[in-house]
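Undergrad: Model the structure of this input:
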Amino acid sequence: ASRILSRVCSASSLVFLTISLNTCLHTYTDDCMVLSILYSSPTCVVAMFRYRKKLLRQKTLVPLYFSLILGTIVAGCDSQAEAPAAQEQAPMAMPVAVQTVAYENIPLTVDVVGETQSVGEIGVYARISGHIEAIRYTEGQGISKGQPMFELDPAPFELALDSAKAQLAQASVVVKQTQHEEQRLKALRQQNAVSQRDYDAAKYAFESAEAALKVAEANVKKAQLDISYAKIQAPITGVAGKALKQTGDYVAPGSGQLLAKVVQLDPIRVVFGLAESEKVALNLHDAATLGATQVQLMNSEGDVAADQGKITYIAPQVSTNKATVEMRAEFANSEQRWLPGQFVRVRLVSPKQRQAVMIPQTAVMQGEQGHFVYVVSSENQATIRLVKTGDWVGQRWIILDGLEADDQVITNNLLKLRPGAPVSVAAQGGS
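TA: Numbering: from 1, shown residues only. Prediction:
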């Protein structure tokens, strides 16, 4: 009503202005146009032209004044209809879940990057010379110690064994013959029937035959060993690499004649470096603490993938190149999840405790200025708080700086929030 009254008052001023113009110009049709232009209302224009002919016929100002007043009121009503229906409503508070910040006792941990290594990588070589007759393993597959990998042509070695056996038989006959002769001359020598020289010759012949027999026996064993070496076996249990020689190739003993490699994957070794300050903080120089320290392998999501590691080596000096102390740990790897050459995340968990703030990882966001979270202000508004993050512990993130006890960290609807947006706490806690 107040808007209409104000509009009418404004229109009245325009009416009097129009009357003055009408009196001066004595033109009835222009009255309507002047009023319409001055007031800029489409409804007024329509009203004026609707009564234009009637006004001209009557040649009087009274209808004109009545029409002007009517058009002004209609225009005011139209303008009131075009105005907004209500003032802009205040935004509704968004319901959010929060976690109240509190300090917790957590184990002292250090995360480092390590590299996996095999505890054993053995090259496969031929022990005898010969041509490869067959390859008896599958490349890249597991293999057991003693399992055949290559076979050399056994024919030359079988012949050598037969020859050695024949020489052994011959040497055995010679031993028997010389032994009999030595015993015969020994009896005659006791009777002074033969000279000492003849007896000594028989004795030495017998001893020489015994030595020849031993040589023949050794040759037989060597020939048998060569036949066994014709079947080249896996030196350890592990995974067999690709064959570097093919069927028909001639191979011989020597470092330049590598046939393949067998890599031992269980257990797997992880080599990593630890800063001297971190080593001191973990108290690893103490034997009891070292024994109680857990070594874990973490996956890309920050979860523990293996927690049965054991520290097997700590270097006695600091590396001058990396300024770290080299360490090694071993982990069970029966499923061959880790292969040599991988970069992995190693976590050392000390039995010592420390206080820290931890919040869900999903509550931490990344912006141009770094990591930040939304907290509920005293005015129940979403406020950005920059934070300094530490390590992950399960699905939570350690916050080193930026939060205080009793702060309420928003844990959901984060993408819908804006700084200063009103919020209402709908639930405590978050994931």
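Undergrad: switch to C-alpha atoms for all contacts and neighbour counts from now on
TA: Noted.
Undergrad: and residue 181, what does it touch?
TA: Contact criterion CA atoms under 8 Å, 6 or more residues apart in numbering gives 202, 206 as the residues in contact with residue 181.
Undergrad: again, only using 7 Å
TA: Residue 181 makes contacts with residue 202, as judged by CA atoms under 7 Å, 6 or more residues apart in numbering.
Undergrad: quick check, it in a helix?
TA: Yes - going by DSSP: H, G, I helix; E, B strand; the rest coil, the assignment for residue 181 places it inside a helix.
Undergrad: do you know how far it is from residue 208?
TA: Distance check for residue 181 against residue 208: by CA to CA, to the nearest Å, it reads 13 Å.
Undergrad: Show the average pLDDT along the longest strand seen in the chain.
TA: Among the elements of the chain assigned as strand by DSSP state E, the one spanning the most residues is strand 103-125. Computed over strand 103-125, the mean pLDDT rounds to 90.
Undergrad: try stretch 319-336
TA: In the prediction, stretch 319-336 has an average pLDDT of 89.
Undergrad: Buried residues of that stretch, list them for me.
TA: 324-333 (16 or more other CA atoms under 10 Å).
Undergrad: Among those, which are located in strands?
TA: The members of the buried residues of stretch 319-336 that map onto strands under DSSP E are 324-331.
Undergrad: still on that earlier bit, kindly indicate which of the buried residues of stretch 319-336 lies nearest residue 239.
TA: Relative to residue 239, the closest of the buried residues of stretch 319-336 is residue 333; by CA to CA it sits at 12.4 Å.
Undergrad: Not counting its neighbours along the chain, what's nearest the closest one?
TA: Nearest residue to residue 333, sequence neighbours excluded (CA to CA, 6 or more residues apart in numbering): residue 266, at 4.7 Å.
Undergrad: which helices and strands does the helix or strand that contains the one you found pack with?
TA: Under DSSP states H and E, the secondary-structure element containing residue 266 is strand 258-275. Helices and strands in packing contact with strand 258-275 are listed as strand 103-125, strand 238-240, strand 324-331; criterion 3 or more CA pairs under 7 Å, 6 or more residues apart in numbering; DSSP states H and E.
Undergrad: what's downstream of the longest strand of the chain, the next helix or strand?
TA: Proceeding N to C from strand 103-125, the next assigned helix or strand is strand 130-135, under DSSP H and E.
Undergrad: So what's the gap between stretch 190-201 and the chain middle?
TA: In terms of CA atoms, centre = their mean, to the nearest Å, the centre of stretch 190-201 is set 90 Å apart from its chain centre.
Undergrad: Which positions within that stretch qualify as buried?
TA: Burial within stretch 190-201, assessed by neighbour count using 16+ other CA under 10 Å, is assigned to residue 199.
Undergrad: And for stretch 255-265?
TA: Neighbour counts using 16+ other CA under 10 Å place 257-265 of stretch 255-265 among the buried residues.
Undergrad: Please apply the same query to stretch 366-373.
TA: Taking 16+ other CA under 10 Å as the basis for neighbour counts, the residues of stretch 366-373 that come out buried are 372-373.
Undergrad: Adjust the sequence numbering to begin at 49 for everything that follows.
TA: Fine by me, first position is 49 from now on; the one you just mentioned is stretch 414-421.
Undergrad: which residues touch it?
TA: Among residues not part of stretch 414-421, those counted as contacts by CA under 7 Å, 6+ apart are 411-413, 432-436, 457.
Undergrad: got the CA positions of it in CSV?
TA: Output of stretch 414-421 as CSV, limited to C-alpha atoms (Å, rounded to 0.1, in the frame of the first residue of the first chain):
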residue,chain,number,x,y,z
GLN,A,414,44.4,-29.1,-1.1
GLY,A,415,44.5,-25.5,-2.2
GLU,A,416,46.8,-22.9,-3.7
GLN,A,417,48.3,-22.2,-0.3
GLY,A,418,48.6,-25.8,0.8
HIS,A,419,46.5,-28.3,2.8
PHE,A,420,43.5,-26.9,4.6
VAL,A,421,40.4,-28.0,6.5
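Undergrad: on that earlier part again, if we look at the longest strand of the chain, which residues are touching it?
TA: Residues lying outside strand 151-173 but in contact with it, judged by CA under 7 Å, 6+ apart, are 301, 305-313, 316-320, 387-405, 453.
Undergrad: returning to that earlier point: could you tell me which of the contacts of stretch 414-421 count as buried?
TA: 411-412, 432, 434-435, 457.
Undergrad: and which of those residues is nearest residue 233?
TA: Within those, proximity to residue 233 (CA to CA) peaks at residue 412, which comes in at 105.0 Å.
Undergrad: I'd like to know how far residue 291 sits from residue 263.
TA: Computed as CA to CA, the residue 291 to residue 263 distance reads 38 Å.
Undergrad: So those two - more neighbours on which side?
TA: Neighbour comparison, residue 291 and residue 263: the larger count goes to residue 291, with 19 against 16 (by other CA atoms under 10 Å).
Undergrad: Now stretch 465-479: average pLDDT?
TA: Per-residue pLDDT values over stretch 465-479 give a mean of 82.
Undergrad: Would you pull up how far that stretch lies from the middle of the chain?
TA: Relative to its parent chain, stretch 465-479 has a centroid offset of 31 Å by CA atoms, centre = their mean.
Undergrad: Could you do stretch 444-455 as well?
TA: If you compare the mean C-alpha spot of stretch 444-455 with that of the full chain, they lie 25 Å apart, counting by CA atoms, centre = their mean.
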